[in-house]
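> Have a look; sequence and predicted model below, questions after that.
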Amino acid sequence: HDVAGDMLRILARMSPTSLKLTFEQLKRGALLDFDDCMKMEFRMVRRVMEGRDFFEGVRATILDKDKNPRWSPATLEGVGDGDIARYFEPLGAEDLRLP
């Protein structure tokens, strides 16, 4: 069974932005303590909810069930490093505060 090929086919259907975001999250999170990871996660989720792909994934999977999401951008090459870096920027007064 071609597990690697199956995984590649699955990943190819996912949001290019989400794939790059997850990869960056893993790299950054490995260097952070728990509290800083939670702050990073909070920033990411807030920014994901400001975007389009999460809602497009819900539409394609749950609402219309056509399983044909139209990601924006549609390719990994279309997602710039700056686009991903924005997900990790501080939220100012809206940032997560831990005791």
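On my side now, so go ahead.

> dump the residue contacts of the residue nearest the centre of the chain.
Nearest to the mean C-alpha position of the chain, by C-alpha atoms, centre = their mean, lies residue 18 at 3.1 Å. Each residue near residue 18 by C-beta atoms under 8 Å, 6 or more residues apart in numbering is listed here: residue 53. All C-beta atoms are positioned from the backbone trio N, CA, C, and that covers glycine.

> again, but for residue 88
Residues near residue 88 by C-beta under 8 Å, 6+ apart: 24, 28, 40, 43-44.

> hmm, back to that, pLDDT wise, what is the residue nearest to the centre of the chain at?
Listed pLDDT for residue 18 reads 97.

> Same check on residue 36?
97.

> tell me the SS of residue 19?
What DSSP: H, G, I helix; E, B strand; the rest coil gives for residue 19 is helix.

> related to what we said a few turns ago, ok, which pair from the contacts of residue 88 is furthest apart?
24 and 43 (12.0 Å; C-beta to C-beta).

> Tell me the residues that contact both of these two, please.
Residues touching both residue 24 and residue 43 (C-beta under 8 Å, 6+ apart) are 87-88.

> what about burial for the contacts of residue 88, which qualify?
Buried members of these, counted by 16 or more other C-beta atoms under 10 Å: 24, 40, 43-44.

> Sweet, I'm off.
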